[in-house]
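> Sequence plus the predicted model coming up.
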Amino acid sequence: MPEADLRNHSVGRAGYPDRDGKVTLDASIMDEHGNCGAVAAIEHIAHPISVARRVMEKTPHVLLVGDGALQFAIEQGFPKEELLTPESEKAWHEWLKTANYKPVVNGEVKSYEAARDGVRGDARNHDTIGMLALDAQGNLSGACTTSGMAWKLHGRVGDSPIVGAGLYVDNEVGAATSTGVGEEVIRNCGSFLVVELMRQGHSPQDACREAVTRIIKRKPSAMKDIQVGFLAINKRGEVGAWAIQKGFSYAVCDAGRKDALIPAQSTY
């Protein structure tokens, strides 16, 4: 549903384009068995998360990119569409007046969604819809989808379609997803790190906080220039989140509550 939402400018069909005016989308999905699928820099397909699932279920591969991902999607019956909406095109032309590329911390609202004992979060600007779910049998899964940073270089791929960076699921331990500046998440294998910290005994929140701390230690300027946030759930259904900057929140939906919005703690 968020991929189809024309008000959402960093996911799906209404995502802001790259600096060449092309809308390119990324997505990944992972199940309790470690099966995963992803697409990156795919154009003309409104629902990249559905294509990522087909990659997982119909191919021996994990990641398809660019023209190959588009070819596969069309072969699977997905309609080829023009994704650059009039509103996004107008914003792109406005950006071209200065052509200044600088990610803005907490600029535009995003959301994350999940099922029972899952997680949904709101973050801002250049962000991702990251979903984590724990079902009635205790099995974990996750997914994320994004149009990436607005005005990026054509061909830029963030963390969202990279298993272990933007998303990771280990059914013995827990699952994690991320939001914010994907380059920093990739450099730290962020979601994999969060899950491994939970394996070592950290709570989901402490694991997210430690992953954020490592990013800041490696790149101190991150504490004022960028936003990165992590969201995690463990095998027991405990949920946690942590971000560099204030302004990131998530929501929990389970048998007892629906979409209860919770502000994530932050380092700054």
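Done, it's in. Numbering: from 1, shown residues only.

> okay, CA-based contacts and neighbour counts for the rest of this
Fine.

> How about residue 9: what's its closest non-neighbour residue?
residue 15 (4.1 Å; CA to CA, 6 or more residues apart in numbering).

> OK, contacts around that neighbour?
Counting by CA atoms under 8 Å, 6 or more residues apart in numbering, residue 15 makes contact with 8, 9, 23, 83, 84, 88, 146, 147, 150.

> ranges for the helices of the stretch 51-200 of the chain?
66-75, 86-96, 182-187, 190-199 (DSSP state H, counting those that start in this stretch).

> Give me whichever of those helices is most buried.
helix 190-199 (a mean of 25; mean count of other CA atoms under 10 Å).

> ok so, going back, by neighbour count, which of the contacts of residue 15 wins?
With neighbours taken as other CA atoms under 10 Å, the top of these is residue 147, carrying 34 neighbours.

> That one - nearest residue in space that isn't next to it in sequence?
Going by CA to CA, 6+ apart, residue 147 has residue 25 as its nearest residue, at 4.4 Å.

> Hmm, the one you found is touching residue 12, no?
Yes. Residue 25 is within contact range of residue 12, at 6.7 Å (criterion: CA atoms under 8 Å).

> Contacts for the helix or strand where residue 210 lies, please.
Residue 210 is part of helix 204-218 when elements are defined by DSSP states H and E. Residues from elsewhere that reach helix 204-218 (CA under 8 Å, 6+ apart): 184-185, 188, 190, 193-195, 197-198, 222-223, 228-234, 238-244, 267.

> ok, now how distant is residue 69 from residue 199?
Distance, residue 69 to residue 199, by CA to CA, to the nearest Å: 34 Å.

> Also residue 193?
10 Å.

> on that earlier part again, for the residue nearest to residue 147, which residues are in contact?
11, 12, 39, 40, 41, 42, 43, 48, 145, 146, 147, 148.
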